[in-house]
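Student: need a 3D model of the following:
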Amino acid sequence: MRRYIPFLKSPPVVSVLRLHGVIAARTRGALNDAGLATLIQKAFTKGKPEAVALSINSPGGSPSQSSLISARIRRLADEKNVKVFAFVEDVAASGGYYIASGADEIWVDRHSIVGSIGVISAGFGLSEFIERHGIERRVYTAGETKSMLDPFRPEKPEDVARLKKLQEHIHGEFIDHVKTRRGPRLVGGDELFKGDIWVGSEAMPTGLIDGVGHLVPKMKEIYGDKVILRPYEQKKPLLGRLGASVMGDALAEVEDRVAFQRFGV
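Tutor: Below is the predicted model of the structure:
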């Protein structure tokens with residue numbers, strides 16, 4: 001009713017966009033650009049918000065999806081002239097920090113883990129195992145480099161070199177993004193980009209964060225006690241909400257837990 005009375009000023013609105021989970025292209029239970037597109041659009045346009053607050057809890061994941069999500073947030077922030085704040089809960093590492101650094105300011109809890117600015121690839125080598133069990137691996141390709149790092153074949157130095165080259169390129173793009181977004185706030189040079197992590201206020205001297213602070217009190221401090229916080233969050237699939245599960249969901253949950261446990265959370 002208030003908005004129809006011209007001489008009464010409406011309280012400021014801050015959209016709260018919850019970004020919790022592993023970043024991956026899969027559509028169920030993960031953060032990705034396709035799944036978040038509509039939600040991000042609403043957060044920046046519905047109710048003419050003064051700001052968008054990102055509530056982040058992610059150990060990272062896909063570099064491409066991290067980049068796409070961050071780019072979408074920045075495009076809308078610039079287009080709508082809306083300030084973006086990132087608030088880290090347990091962890092914003094790797095791709096999670098990539099998204100957080102897309103914000104204008106980054107705030108953490110004193111126990112939050114941030115950083116891990118690097119690229120990782122992990123797997124298993126099973127060539128000796130299948131040989132012991134009399135299993136023969138057959139691979140046919142058109143193109144000399146089509147097959148790379150096959151876990152059922154002996155590791156090749158040239159494959160590792162190719163992987164390292166790909167990782168270095170992605171790492172370089174990650175570093176450029178952080179430098180662009182954090183600018184002169186960064187302190188420490190290349191030491192910041194070796195994959196290290198920091199806890200809470202430890203990250204302040206590096207310039208990777210702006211301080212220790214929580215979402216609700218910080219938004220009230222900036223926009224007043226009457227600020228309206230409007231939440232936006234991905235809905236779980238119907239089967240998940242009813243408690244049903246399928247094998248794919250179970251495996252995805254295991255992968256997610258492993259990703260978070262790398263940082264002790």
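
Student: list the buried residues for the longest strand seen in the chain?
Tutor: Assignment by DSSP state E gives strand 83-93 as the longest strand of the chain. For strand 83-93, the neighbour count (16 or more other C-beta atoms under 10 Å) marks V84, F85, A86, F87, V88, E89, D90, V91, A92, A93 as buried. C-beta here means a position set from N, CA and C on the backbone, and glycine is covered the same way.

Student: report the two of the residues you listed separated the most.
Tutor: Of all pairs drawn from the buried residues of strand 83-93, the widest gap by C-beta to C-beta lies between V84 and D90 and measures 20.2 Å.

Student: rewinding a little: dump the longest strand of the chain to CSV, keeping only the CA atoms.
Tutor: Only the C-alpha atoms of strand 83-93 are listed here, as CSV (Å, rounded to 0.1, in the frame of the first residue of the first chain):
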residue,chain,number,x,y,z
LYS,A,83,26.2,-2.4,-6.1
VAL,A,84,27.1,-6.0,-5.3
PHE,A,85,28.3,-7.3,-2.0
ALA,A,86,29.7,-10.8,-1.4
PHE,A,87,29.3,-12.5,2.0
VAL,A,88,31.2,-15.7,2.5
GLU,A,89,29.9,-18.3,4.8
ASP,A,90,32.0,-21.5,5.2
VAL,A,91,34.1,-21.2,2.1
ALA,A,92,34.6,-19.2,-1.2
ALA,A,93,37.5,-21.0,-2.7
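
Student: direction included, what does it pair against?
Tutor: Partners of strand 83-93 in the sheet, by DSSP bridges, are strand 51-58 (parallel), strand 105-108 (parallel), strand 113-115 (parallel).

Student: tell me which of those lies nearest to S127.
Tutor: Of these, nearest to S127 by C-beta to C-beta is strand 51-58, at 34.0 Å.

Student: just give me the residue closest to the centre of the chain.
Tutor: For the chain, the residue sitting closest to the mean C-alpha position, by C-alpha atoms, centre = their mean, is G96 at 2.7 Å.

Student: G213 and K235, how far apart?
Tutor: For G213, the distance to K235 equals 28 Å [C-beta to C-beta, to the nearest Å].

Student: the more surrounded of those two?
Tutor: G213 (19 against 8; other C-beta atoms under 10 Å).

Student: roughly how far does the residue of the chain most remote from its centre sit from S116?
Tutor: In terms of distance from the mean C-alpha position of the chain, G134 ranks first, at 42.7 Å (C-alpha atoms, centre = their mean). Distance, G134 to S116, by C-beta to C-beta: 42 Å.

Student: what do you get for K156?
Tutor: Computed as C-beta to C-beta, the K156 to S116 distance reads 28 Å.

Student: looking at these two, which is more packed in?
Tutor: Set side by side, K156 and S116 show more neighbours around S116, with 24 against 13, by other C-beta under 10 Å.

Student: and the more buried one, what does it touch?
Tutor: G60, A93, S94, Y97, G195, D196, I197, F263 (C-beta atoms under 8 Å, 6 or more residues apart in numbering).

Student: pull out the buried members of those residues.
Tutor: The neighbour-count test (16+ other C-beta under 10 Å) marks G60, A93, S94, Y97, I197, F263 as buried among the contacts of S116.

Student: how about these in CSV, adding distance to R230?
Tutor: Listed next are the buried ones among the contacts of S116 as CSV, based on distance: C-beta to C-beta, whole Å:
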residue, distance to R230
G60, 27
A93, 27
S94, 29
Y97, 25
I197, 32
F263, 30
